[in-house]
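In: This is the structure alone, sequence omitted:
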C-alpha cells in the first residue's frame, strides 16, 4: 500500500508525518514526527481516526430556564461514531447544577469514553 | 456615584483579564476586575472546542474548561469582580468610570491593565458588494447563536476566510447537521493552524478554495440566496471571467480580528498602526505610565495560552508599578523589524535581564533564519526553519544580548 | 372596512411629514407603508443633508420648496426632538474651470434667495475647514447647510402624526386601488381601506401606484446611489459638509459628518432597476476616490458599512419634483419624483400639499387640540455621567449595555419597543436606538437585541426579521432536549 502523508494534530507543532503501511493498511513505519505521541497518532489515524468531540446539550436551570451546557468527550474516540453521538446529544436534557467534569453520558455508544460537562453551570 | 480605590484595575474578564488579575494579586496588589458580561470567561465561553491549555496546563482543554480553571482560581482570591459592568471611560490619571445596574461608579486605580480583547472584521470593512439581506454574519456571532443561544442561524453556509474561527465554525456547523459549501480564502495560503485545516475541513470533506474571495452577495426574499465567488490575482484583485455562483443561505465571515482600543485611545494611549493595539515596552506598559495592555487588545493571538502568559506578565508588572517599583532597569532599546516580519510586541525594551519579543510574519517564508542586529552588529542568528503568518512567534532575548544592544535592535527573517 | 378622509401611500419622509401636517386638521388619515417600518426606502439611503437652497435650478419647484424647507428645520428639531446640526458646507474647486462653475452656483443660489453665500479662496477655505484637501483653491461657502438623521426625522414626524390620530398600516403594500362612489378603495394584505382622497408618495414606485389608480401619467426611473459610513474613530471628526463640483444630474460624491459623529460619503448616481438597492464595487470605488479628493488623509480602511438606495426621477421632468393633482383621476394627488434635496424640502412639501388640497376643495378644518411636540427618546450616550447615574437609579434597565459600540442600553431598546408605532424588526430598532450601527455592525449585540425584542413582542427570536419580509435571522432551535 502507498505511504500516507498526514499532518499530526496532537500539538500545535503540526508535524508532517509519513506512514508506510502493510497490505492490511496498518502502519509499519512512521517518519517525520518529532515526538512519540506523533507516532501513536499516525498509526491510529491510518486505521481508525480518533477525535475528541465537543458540543452542547440542553440544560434546564434551577429556575426552569433553558440554556446550553458545553460538553466534551473525556477522550478521543472513533470519528465514525461522532455523528451518532451528536444525534444522542441533541435529544437529551441535563439539569442544573452541574460541575465541570460531571459525566453527562457514561460510556457513549460503548466506546468506553464519557461525555462530560465543560464548565460549571 | 460610588468611588473605589484599588492598586490595579483590570478591564475585561476574558483569558487575559483573569490571568492579569490573578497575577497582580499574587504580587501583592489589591485588584478589581471589570467584566461587561454577567459571567467571566469572555469569548472562551463560546469556544466550546478543544485546543486550549496545552502550554498552560499540559493538557488539551475546551474553551469553557480553560476559563473555568481561571474562574476557580479567581474564586479563591479576594479580587473584587464587577460583573455586568461596562467601562465607559478611562482617564489619563487612571480613573475607571463604569456603569452597571446599580449606577455609575469610579474605580480609582494606581495601575490599569487593558484586557478588552478584540472584535471581528465585518462585511462593511471588507466592503463586499451586493444585497444587504439577512444571512451575512461574522463567525463569532454565528458561534454565539449556536453554542450559547441554541439557535440555528442558517442551513447552507459559505465561509469566507480560513482563519481559525472560520475553520472551527465549519466543523461545528457540520457536526450540527448544517451544510458547509466551502471555505474561501483570499490569500494563496490558509490563515488557520494546520491541525484545524485537517480536523475541521478534511474530516468533514469541506473544500478549501485559496486565492478566491466573495465578490457579491445575492439576496432573495430578504435572505442570502447565493454568493458570487471569484479568483484573485497576485495583487488580490478579482480576475474577470472566473466568477462562480455558490447557492447558500448564509455567508459566514472569518476575515480577521481587530483589537478594541476605543477606551485606550480615550485614555491617551498611543496605538500602533501595525497591530491596532497599544505601543508597549517589555513591561507591557503603554505610552501612559501605569496603563498596561495584554491579550488580544494588544495584538491578536492565535493561542489562548499565549494570551495567558502575556497577561500574567502584564498583571505582575502592573502590581509592581502600583507598589511604586519598576522593572525598567535601563534606557529603552527600540525594537525594529523588517519585512516579512509584520510587527513586534514590545516595541521597546527597558529590562536588561531578559525580554521576550513576540512577532508575526506577513506571509509564509520557507528556509529562513532569524537575525537580530544592533547598530550593524549581528547579535543573534537562529536556525533555518519555516515561518507562517498564522503562528505567532516568540524570540527570547537573554541578558547577554540585551547588554550588547545599542539604542535599537532590528529583527530580520533572512531567506536562504 | 376602515373609512378615512385621506389615505397616503408610502411611509417615507414625505408620507410621514405630510401625514403630520394633515393631522393638524379634522381629518381621518391613514398611511400605507409596504415595508415593516417607515423610512425604509429612499429615506434611509440618504445623507440627511439639509441644503440651504443654493443648489436647485431657479424657478423649479425644488428651488421654491428647498429654500422654505431648510428654514423650518431648526424649529421642527426643537419641537419634535430630533437632532439638527448646522455645520455649513463648501463646494470645493481646484481649477479655474471649477471657479467658473462656482460662480454660476453662486448666481443660482442668490437667485434662489439662499442667504449668506460666499465665494472664497485660498487660506479662508482651510480656516473654515482645516481638513479640506490642501490643493483646493476656491470654494462656495454656504453657512446655513445643515444635517439630520433622515430616519430619525421621518420617525419623529410619524410618531407625532400617530399622537395626533394618524393610523399607520405597516407591512401593507397596496395591491389594488378601486374607484368608489365616495372616493377610493385601497387593497392592502389585511383588507380594504376606504378613503376620499389618496396622496401618492410611494417613492420610486409612485408611478406604479398611479397606474393602480388608473392614472398612467408619468414614469419613474431609479437613480441608484452607493454610500459608505466610516467609524467614528477614523481620525476625521465634525467636518463641514464638502461637495465636489457638481455634475448635471447630481451633486457628486459629498462628504459629511453625520449628527451621530460618523463620516458619511455619498452618493454615486447611476440609473438602475427600481428595486436594485445592492451596493456595487464600482460605486464604492468611486466613493473612495471622491472622498479622498475632498479630504486626502481620510483612512478608508475605517469604513464600517456600505449601502445603497434609489432616488425617484420622473422622466421628462427636468429632475424636478412632481407634486400635483392627477390630471386623470379626481381625488388623487401625486407627490412624486422626490430626489435630492427631498429631506431638506420635506416639511415645506407637507405645507405645500396642504395648500394644494385646500385649493382643490378638500375640506380642511383645523383642530384645536393638535399636539405639536414629540418627546425625544432617551439617548443614554448623550447624557452626562450624573444624568446617566440618575437614570439608572430610576430604572436599572438603563444600567445594562446592549450595544457596546454605540453605548445603547437595554432601557433604550425597551423604550423603543413601547413607542407607537411599535418597531418589529431588528433594523427598525437599529434606526431608533443605533444598536448595531457601530464598528462591530451588530456582531456583539444582535443576539441581545433579538432576545429583548422577542420578550417584548411575546414571540420567539425565530419569528423576528432583520428588515425586509423574509429576512429571518435565526431558524429553529438546535438542541431540542427531551
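Out: Ah, there it is. Predicted, not measured: the structure shown is a model, and the values here were computed from it. Residues are numbered from 1 along each chain as shown, chains lettered A, B, ... in the order given.
In: Residue C:91 belongs to a strand?
Out: Yes: assigned with DSSP: H, G, I helix; E, B strand; the rest coil, residue C:91 falls within a strand.
In: could you pull out the strands for the stretch 201-350 of chain C?
Out: Ranges of strands within the stretch 201-350 of chain C are C:220-230, C:241-243, C:254-257, C:263-266, C:270-272, C:303-314, C:322-325, C:332-336, based on DSSP state E, counting those that start in this stretch.
In: Can you lay out these as TSV showing mean pLDDT, distance to chain A and mean neighbour count?
Out: Every residue, glycine included, has its C-beta placed from N, CA and C. Listed next are those as TSV, based on pLDDT from 0 to 100; distance: least, CB to the nearest CB, whole Å; neighbours: other CB atoms under 10 Å in any protein chain shown:
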stretch	mean pLDDT	distance to chain A	mean neighbour count
strand C:220-230	97	35	24
strand C:241-243	97	49	26
strand C:254-257	97	43	24
strand C:263-266	95	40	27
strand C:270-272	95	44	15
strand C:303-314	96	31	24
strand C:322-325	98	55	19
strand C:332-336	98	50	26
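In: for chain B, what are the nearby residues on chain A?
Out: Neighbours of chain B within chain A, by CB under 8 Å from any CB of the partner chain: A:6-9, A:11-12, A:14, A:49, A:51-56, A:58, A:66-68, A:70, A:72, A:79, A:82-83, A:86, A:100, A:118-120.
In: Try it again at 6 Å.
Out: Residues of chain A found near chain B, taking CB under 6 Å from any CB of the partner chain as the criterion, are A:7, A:9, A:11, A:14, A:52, A:54, A:56, A:68, A:70, A:72, A:86, A:100, A:118-119.
In: Include distance to residue B:127, secondary structure and neighbour count when you put those residues into a markdown table, please.
Out: Shown next, in a markdown table, are those (distance: CB to CB, whole Å; DSSP: H, G, I helix; E, B strand; the rest coil; neighbours: other CB atoms under 10 Å in any protein chain shown):
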| residue | distance to residue B:127 | secondary structure | neighbour count |
| --- | --- | --- | --- |
| A:7 | 34 | strand | 20 |
| A:9 | 35 | coil | 23 |
| A:11 | 38 | coil | 17 |
| A:14 | 33 | coil | 18 |
| A:52 | 38 | coil | 18 |
| A:54 | 34 | strand | 25 |
| A:56 | 34 | strand | 23 |
| A:68 | 34 | strand | 22 |
| A:70 | 35 | strand | 27 |
| A:72 | 39 | strand | 24 |
| A:86 | 37 | helix | 15 |
| A:100 | 43 | coil | 20 |
| A:118 | 38 | coil | 29 |
| A:119 | 38 | coil | 25 |
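In: Could you list which of those residues also contact chain C?
Out: Subset of the residues of chain A next to chain B in contact with chain C: empty, counting by CB under 6 Å from any CB.
In: can you tell me which of the strands of the stretch 201-350 of chain C comes nearest to chain B?
Out: With CB to the nearest CB as the measure, strand C:303-314 is the member of those nearest chain B (3.7 Å).
In: What is the closest one packed up against?
Out: Identification of packing neighbours for strand C:303-314 by 3 or more CB pairs under 6 Å, 6 or more residues apart in numbering or on different chains; DSSP states H and E yields helix B:123-126, strand C:220-230.
In: what about stretch C:189-197, average pLDDT?
Out: The pLDDT scores in stretch C:189-197 average 97.
In: how about it: buried residues?
Out: Applying a neighbour-count criterion of 16 or more other CB atoms under 10 Å in any protein chain shown, one finds C:193-197 buried in stretch C:189-197.
In: so how far is that stretch from its chain's centroid?
Out: 26 Å (CA atoms, centre = their mean, to the nearest Å).
In: got the end-to-end distance for stretch A:4-17?
Out: 8 Å (CA to CA, to the nearest Å).
In: ok so, going back, for the residues of chain A next to chain B, could you give me TSV that also reports pLDDT?
Out: Listed next are the residues of chain A next to chain B as TSV, based on pLDDT from 0 to 100:
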residue	pLDDT
A:7	87
A:9	85
A:11	77
A:14	80
A:52	96
A:54	98
A:56	98
A:68	97
A:70	98
A:72	98
A:86	97
A:100	97
A:118	97
A:119	96
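In: Could you point out which of the residues you listed is nearest to residue B:264?
Out: Nearest to residue B:264, judged by CB to CB, of the residues of chain A next to chain B is residue A:119 at 29.8 Å.
In: Tell me who's in contact with the closest one.
Out: Shown in contact with residue A:119 (CB atoms under 6 Å, 6 or more residues apart in numbering or on different chains): A:100, B:64, B:68.
In: secondary structure class for the last one?
Out: The assignment at residue B:68 comes out as helix when based on three-state DSSP.
In: which element follows the helix or strand where residue C:78 lies toward the C-terminus?
Out: Element membership of residue C:78 [criterion: DSSP states H and E] is helix C:61-80. Downstream of helix C:61-80, the next assigned helix or strand under DSSP H and E is strand C:84-86.
In: Which other helices and strands does that next one contact?
Out: Contacts defined by 3+ CB pairs under 6 Å, 6+ apart place strand C:84-86 against strand C:146-148.
In: Show the subsequent helix or strand relative to the strand it packs on.
Out: According to DSSP H and E, the helix or strand after strand C:146-148 is helix C:150-163.
In: which strands and helices sit next to that following helix?
Out: Secondary-structure packing of helix C:150-163 (3+ CB pairs under 6 Å, 6+ apart): helix C:13-22.
In: Now do the helix it packs on against helix C:61-80: the angle between them, please.
Out: Orientation check (axes from the mean of the first three to the mean of the last three CA atoms, to 10 degrees): helix C:13-22 against helix C:61-80 gives 60 degrees.
In: which residues in the stretch 101-250 of chain C form helices?
Out: Taking DSSP state H, counting those that start in this stretch to define them, one finds helices in the stretch 101-250 of chain C at C:123-128, C:150-163, C:206-212.
In: ditto for chain B
Out: With DSSP state H applied, chain B shows helices at B:15-26, B:63-75, B:123-126, B:139-147, B:164-175, B:194-196, B:262-266, B:304-322, B:399-404, listed in chain order.
In: Just say which of the ones you listed is most tucked in.
Out: When the helices of chain B are scored by mean count of other CB atoms under 10 Å in any protein chain shown, the highest mean neighbour count falls to helix B:15-26 (a mean of 29).
In: For the stretch 151-300 of chain B, which residues score under the pLDDT cut-off?
Out: By pLDDT under 70, the stretch 151-300 of chain B has no low-scoring segment.
In: now with 90?
Out: Regions of the stretch 151-300 of chain B meeting the criterion pLDDT under 90 cover residues B:192-195.
In: what do you get for the stretch 1-150 of chain B?
Out: Within the stretch 1-150 of chain B, the stretches with pLDDT under 90 are B:1.
In: where does it come near chain C, residue by residue?
Out: Residues of the stretch 1-150 of chain B lying near chain C by CB under 6 Å from any CB: B:1, B:86, B:99-101, B:103-104, B:119-120, B:122, B:124, B:127, B:129-131, B:133-134, B:138, B:141, B:144-145, B:149-150.
In: The stretch 201-350 of chain C against chain B: which residues are in contact?
Out: On the criterion CB under 6 Å from any CB, chain B has as its neighbours in the stretch 201-350 of chain C the residues C:278-281, C:284, C:303-306.
In: do that again at 8 Å, thanks
Out: C:228-229, C:233, C:277-281, C:283-284, C:301, C:303-307.
In: residues contacting residue 33?
Out: Using chain A. Applying CB atoms under 8 Å, 6 or more residues apart in numbering or on different chains, we find residue A:33 in contact with A:8, A:15, A:17, A:39, A:41-42.
In: look at chain C instead
Out: If you count contacts by CB under 8 Å, 6+ apart, then residue C:33 has C:10-11, C:15, C:40, C:168-172 around it.
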